[in-house]
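In: mind looking at a prediction? Sequence and model below.
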Amino acid sequence: MLSLLTADQLRKADAHTIENEPIASVDLMERAAKAFTGWFVNSFADRDVAISVYCGTGNNGGDGLAIARMLFLHGYQQINVKIARFTDKNSGDFNTNFSRIQESEVPWVEIRPGEGFPPEDSHIIIDALLGTGLNKPLAGDFERLARHINSLEKTVVAVDVPTGMPTEGEFDKNSTIIKADLLITFQQPKINYLLPESGPYIKSCKVVNIGLDEEYINSLGSVFQYVDEKDIRKILRPRQRFSNKGTYGHALVVAGQAKTMGAALICAASCAYAGAGLTTACVPESGLTALNSYMPELMAVIRQGNNTPEIEYEKFTAIGIGPGLGKDENALGLFTDILTSYGKPMVIDADGLNLLSMHRELWRQVPAGSILTPHMKEFDRLFGDHDNWWQRLQTALNKARDCNIYIVLKNDYTVTATPQGRLYFNSTSNAAMATGGMGDALTGIITALLAQKYSAEEACLAGVYIHGKAGDELALPNRMMTLMPGKLAEQLPVTMARLLA
């Protein structure tokens, strides 16, 4: 896992690398500028494009000065530097790089407090005004300059941080933040970049490695973790010779009403495609024809009228409940019966979550180690309204620990909160997956992994990753605007086989 660090922890990692590599801080800055420049050159090949680099007088500004010098050496002759001298404080590494820019052929000007801004004819603006040290909203001349840059309608490339954006914690969405078409950030994504509030300010984010000590980074014990492919490869287990359907568990999917059978079909099919040895769907009698037609490999427990079906719970190694189930008395009775009778960790989604939010007494019966998979609105119905995603992260962390459950908070970077006090950000998925039924598919996948005797944490991390990876493999190469969850379900065996290769 990649540990995601707060700004303070990143400064410690910088200091540790400087002391123990050893490397001078200005040389580490040079390394960061070189990494930025390498990506920039590959992204903007036209050497005749005009570029303005806006620099503050701290270390982010020092990065910008070094970047301007390197881009000039790479043949970008129409480059200039604009230094915002809004404070008397300069970092030592800024001063070193300012001396170097003065010795180069790169033209530069200074902007003083209260002054008007120089004309801006460049096509590209590189934002190196303020970095990770910012701990309050922009004000005064910096806010005025940020508003000016946003008004120019230029292509903006930010260095490590869009000026005005805190890298973690709450921030006022009404505060002024420079809007970056491309953010090139150092070493790792910052935590707030993975939350929806960053969307209006970061169109695209690229991470470049600057050689910080990863072993030291991991030793800091960050609550925030980032899951990538190598982590999932360690979790997944290949199927063995002489195994059979019983080896891979029997999953029960409790879902669907007459008008919402699609949710049940998608969830059950995803469960089967994700490897459950047997999959049974508990569906209303009116949905049996649809179930048999959609996927004859699925078995059924039939719900008839107002009667709660008799379920042989001992047959099932995992249960997923909720998609399209409804919130009426029949659904409540069935949900209550399952909570009290099964007694083992289960996956609760959609209307299962809605029933929990409507009938708070049911919380006492949720088995320890169960997995809840809410989207934002379901999360707020369960745990109360939140003003922003940072608050939701803190609530997820606390509720997962206090209730001994796993919470999969669905989003672009879906977050899994664990009872052990960790938040895991997923690294797969794409906007084409923003279609009805995708959450039902995820429930099926996680249920299938539980049925196969993966731990609850493994089922969450691998299930979320595989779900997004299958979507990426289908949508991205084909430039799909939308992806249907039924197609994603069929892709699951292929995606999982590739991860095991």
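Out: Arrived safely, thanks for sending. These numbers come from a predicted model, not from an experiment.
In: pull the number of nearby residues for G305.
Out: Neighbourhood size, G305 [other C-beta atoms under 10 Å]: 7. (C-beta placed from N, C-alpha, C; glycine too.)
In: then the one 3 residues further on?
Out: By the measure other C-beta under 10 Å, the count of residues near T308 is 14.
In: list the contacts of it.
Out: 330, 333-334, 337 (C-beta atoms under 8 Å, 6 or more residues apart in numbering).
In: please redo it, this time with the cut-off set to 7 Å
Out: 333-334, 337 (C-beta atoms under 7 Å, 6 or more residues apart in numbering).
In: which of the residues you listed are buried? Put it as a PyMOL command.
Out: Those of the contacts of T308 that count as buried under 16 or more other C-beta atoms under 10 Å are selected in PyMOL with:
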select buried, resi 334
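In: nearest to Y226, of the contacts of T308?
Out: Y226 lies nearest to L334 out of the contacts of T308, by C-beta to C-beta, at 38.0 Å.
In: if I look at the spatially most central residue of the chain, how far off is D337?
Out: Compute the mean C-alpha point of the chain, and by C-alpha atoms, centre = their mean the closest residue is Y413, 1.7 Å away. From Y413 across to D337, the span is 36 Å (C-beta to C-beta, to the nearest Å).
In: please apply the same query to L325.
Out: 13 Å.
In: so where's the chain shaky on pLDDT?
Out: The model of the chain has no residue with pLDDT under 70.
In: 90 instead, please
Out: 133-135, 171-174, 305-308 (pLDDT under 90).
In: ranges for the strands of the stretch 351-500 of the chain?
Out: With DSSP state E, counting those that start in this stretch as the criterion, the stretch 351-500 of the chain has strands at 371-372, 406-409, 415-417, 423-426.
In: the shortest one pairs with which strands, and in what direction?
Out: For strand 371-372, the pairing partners within the sheet under DSSP bridges are strand 347-348 (parallel), strand 406-409 (parallel).
In: can you list contacts of the first one?
Out: When you say that, I think you mean strand 347-348. 320-322, 370-373, 443, 446-447, 450.
In: wait, G437 sits on L483?
Out: No: assessed by C-beta atoms under 7 Å, G437 is found out of contact with L483, at 10.3 Å.
In: between these two, which one's more packed in?
Out: Neighbour tally, G437 and L483, criterion other C-beta under 10 Å: the higher count belongs to L483, 23 against 20.
In: and the more buried one, what does it touch?
Out: 432-433, 435, 471, 474-475.
In: could I get these as CSV with distance to P118?
Out: Below are the contacts of L483 laid out as CSV (distance: C-beta to C-beta, whole Å):
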residue, distance to P118
A432, 43
M433, 45
T435, 47
G471, 46
L474, 48
A475, 44
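In: for C271, give me phi and psi.
Out: phi -60, psi -50 (degrees, to the nearest 10).
In: for it, which non-adjacent residue is spatially closest?
Out: Spatial nearest neighbour of C271, chain neighbours left out: G444 (3.8 Å); criterion: C-beta to C-beta, 6 or more residues apart in numbering.
In: run a quick neighbour tally on the one you found.
Out: 36.
In: for G486, see how far away it is.
Out: For G444 relative to G486 (C-beta to C-beta), the value is 11 Å.
In: what does D121 give?
Out: 52 Å.
In: which one's more surrounded, those two?
Out: G486 (17 against 10).
In: from T289, how far out is that one?
Out: On the measure of C-beta to C-beta, G486 and T289 end up 17 Å apart.
In: one more: K344?
Out: Counting by C-beta to C-beta - K344 and T289 are separated by 31 Å.
In: one more: I184?
Out: Counting by C-beta to C-beta, the gap from I184 to T289 is 55 Å.
In: before we move on, what about L10?
Out: L10 is 58 Å from T289, by C-beta to C-beta.
In: what about those two, which has more around it?
Out: Between L10 and T289, L10 has the larger neighbour count (other C-beta under 10 Å), namely 22 against 10.
In: what strand or helix carries that one?
Out: Per DSSP states H and E: L10 is located in helix 7-20.
In: and that helix, what does it pack onto?
Out: helix 25-43, helix 214-219 (3 or more C-beta pairs under 7 Å, 6 or more residues apart in numbering; DSSP states H and E).
In: which one of those helices is the most hemmed in?
Out: Stretch with highest mean neighbour count among the helices and strands packed on helix 7-20: helix 25-43 (a mean of 19; mean count of other C-beta atoms under 10 Å).
In: circling back: want to throw the strands paired with strand 371-372 into a markdown table with mean neighbour count and distance to A274?
Out: Converted to a markdown table, the strands paired with strand 371-372 look like this (neighbours: other C-beta atoms under 10 Å; distance: least, C-beta to C-beta, whole Å):
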| stretch | mean neighbour count | distance to A274 |
| --- | --- | --- |
| strand 347-348 | 30 | 12 |
| strand 406-409 | 26 | 15 |
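In: K179: which of those is closest?
Out: Judging the strands paired with strand 371-372 by C-beta to C-beta, what sits closest to K179 is strand 406-409, at 26.0 Å.
In: what does the closest one contact?
Out: So strand 406-409 is contacted by 371-374, 379, 392, 396, 399-400, 414-418, 456-457, 460, 464 (C-beta under 7 Å, 6+ apart).
In: repeat for stretch 6-18
Out: Contacts for stretch 6-18 (C-beta under 7 Å, 6+ apart): 5, 23, 25, 28, 132, 167-168, 212-213, 216-217, 220, 222.
In: biggest separation within the residues you listed, which pair?
Out: Within the contacts of stretch 6-18, two members stand farthest from each other by C-beta to C-beta: I23 and E168, at 25.9 Å.
In: with neighbour numbers in mind, choose between these two.
Out: E168 (20 against 15).
In: list the contacts of the most far-flung residue of the chain relative to its centre.
Out: Within the chain, E103 marks the point farthest from the mean C-alpha position, 43.1 Å out by C-alpha atoms, centre = their mean. Taking C-beta under 7 Å, 6+ apart, we find E103 in contact with no residue.
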